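Visitor: coords please:
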Amino acid sequence: MAKQDRGFASMDPAKQRKIASKGGKAAHAKGRAHEWTVDEAREAGRKGGSASHGSKRQGAPIQEKDV
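Guide: The predicted structure is shown next:
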């Protein structure tokens, strides 16, 4: 079997979605999936936008991400 013929990434996109959907549903059913609050989602969107675009538009130095 060739290396490129193995794994999730080599599957048909429809099959990937079907498998991923099952995983997401199972996680929610078990209560282990993260559910975003409005404030968490707003903060994540703000951070993502500033990390990917903010420093370029404002001429600010590139900052390292918090780990």
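Visitor: how close does E40 sit to R46?
Guide: Separation of E40 from R46 (CB to CB, to the nearest Å): 11 Å. In this view, the C-beta of every residue, glycine as well, is placed from N, C-alpha and C.
Visitor: what do you get for D5?
Guide: Counting by CB to CB, the gap from D5 to R46 is 41 Å.
Visitor: Do you know the pLDDT at the closest residue to M11 other than its chain neighbours?
Guide: Sequence neighbours aside, I19 is the residue nearest to M11 in space, at 7.7 Å (criterion: CB to CB, 6 or more residues apart in numbering). I19 is assigned a pLDDT of 94 by the prediction.
Visitor: What is the subsequent helix or strand relative to the longest helix belonging to the chain?
Guide: Longest among the helix segments of the chain by residue count, using DSSP state H, is helix 13-30. As assigned by DSSP states H and E, the chain's next helix or strand after helix 13-30 is helix 38-49.
Visitor: For that next one, what is the distance to the chain centroid?
Guide: Helix 38-49 sits 13 Å away from the centroid of its parent chain (CA atoms, centre = their mean, to the nearest Å).
Visitor: send the alpha carbons of it over as CSV?
Guide: As requested, the backbone C-alpha atoms of helix 38-49 are provided in CSV (Å, rounded to 0.1, in the frame of the first residue of the first chain):
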residue,chain,number,x,y,z
VAL,A,38,-21.1,34.2,23.1
ASP,A,39,-18.3,35.9,25.0
GLU,A,40,-15.8,33.0,24.3
ALA,A,41,-16.6,33.1,20.6
ARG,A,42,-16.3,36.9,20.4
GLU,A,43,-12.9,36.8,22.1
ALA,A,44,-11.6,34.0,19.8
GLY,A,45,-12.8,35.9,16.8
ARG,A,46,-11.1,39.0,17.9
LYS,A,47,-7.8,37.2,18.7
GLY,A,48,-7.9,35.4,15.4
GLY,A,49,-8.5,38.5,13.4
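Visitor: All set now, cheers.
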